[in-house]
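Engineer: Structure here, sequence nowhere to be found:
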């Protein structure tokens, strides 16, 4: 029988050089916050009402079939909407949309006064996003204090411009896309640049909804 090894603070480094950092959940959040991510607002419509949350847990899973996932706090007020609706949209925010990211972490009507496009299945789509993925909810899995929502991508699109990033508890402007890397031969996790060396990755990803890994007070309110 395989048992999980207990977590030992500072044990990741050599004995004479333990990794520094605070102990406990706060320390873990700070460590996870070192991993820079994009920022997205995931939206859906359930029983005629829109719902949306800001997340930085979005990740690609598979190209064939096209699958993505994101994480939602198990106690989220939006849980019933996202587990009950059959489809959702991932709106990847642009660098200039920090206010929009903050809006979808707050309580109350997050859509009030917000101009929207309506996509298939009544999905609310946010103008100005640098990328949008429309997904059919494929599976919901429980993992600790979060739910993992797996989506099958049914349509997608992107626009030019830098994306919004989140790292070390703060928002940052990402770089714009490199036009020289456009098209089917652009580099990526499974298609490295010619001069990138021979290092590789197994494609694993570290995911956690914004509220569980971030240290910024505004984004930590995600629900």
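Structural biologist: That came through fine. Not measured: the values here are computed from a predicted model. Residues are numbered from 1 along each chain as shown.
Engineer: Which parts of the protein are helices?
Structural biologist: With DSSP state H as the definition, the chain shows helices at residue ranges 25-32, 79-84, 98-103, 210-213.
Engineer: who wins for proximity to residue 135 among these?
Structural biologist: Closest approach to residue 135 among those is made by helix 79-84 (11.1 Å; CB to CB). In short, each C-beta sits where N, CA and C put it, glycine included.
Engineer: helices and strands around that closest one, which ones?
Structural biologist: strand 40-46, strand 49-55, strand 66-73, strand 146-158 (3 or more CB pairs under 8 Å, 6 or more residues apart in numbering; DSSP states H and E).
Engineer: of all those strands, which lies closest to residue 132?
Structural biologist: Using CB to CB as the criterion, the shortest distance between residue 132 and those is 5.6 Å, found for strand 146-158.
Engineer: which other helices and strands contact that closest one?
Structural biologist: Strand 146-158 makes packing contacts with strand 66-73, helix 79-84, strand 87-92, strand 131-143 when contacts are defined by 3+ CB pairs under 8 Å, 6+ apart.
Engineer: Tabulate those (CSV), appending mean neighbour count, distance to residue 39 and mean pLDDT.
Structural biologist: Output for the helices and strands packed on strand 146-158, formatted as CSV (neighbours: other CB atoms under 10 Å; distance: least, CB to CB, whole Å; pLDDT from 0 to 100):
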stretch, mean neighbour count, distance to residue 39, mean pLDDT
strand 66-73, 21, 12, 97
helix 79-84, 16, 18, 97
strand 87-92, 24, 8, 98
strand 131-143, 16, 12, 97
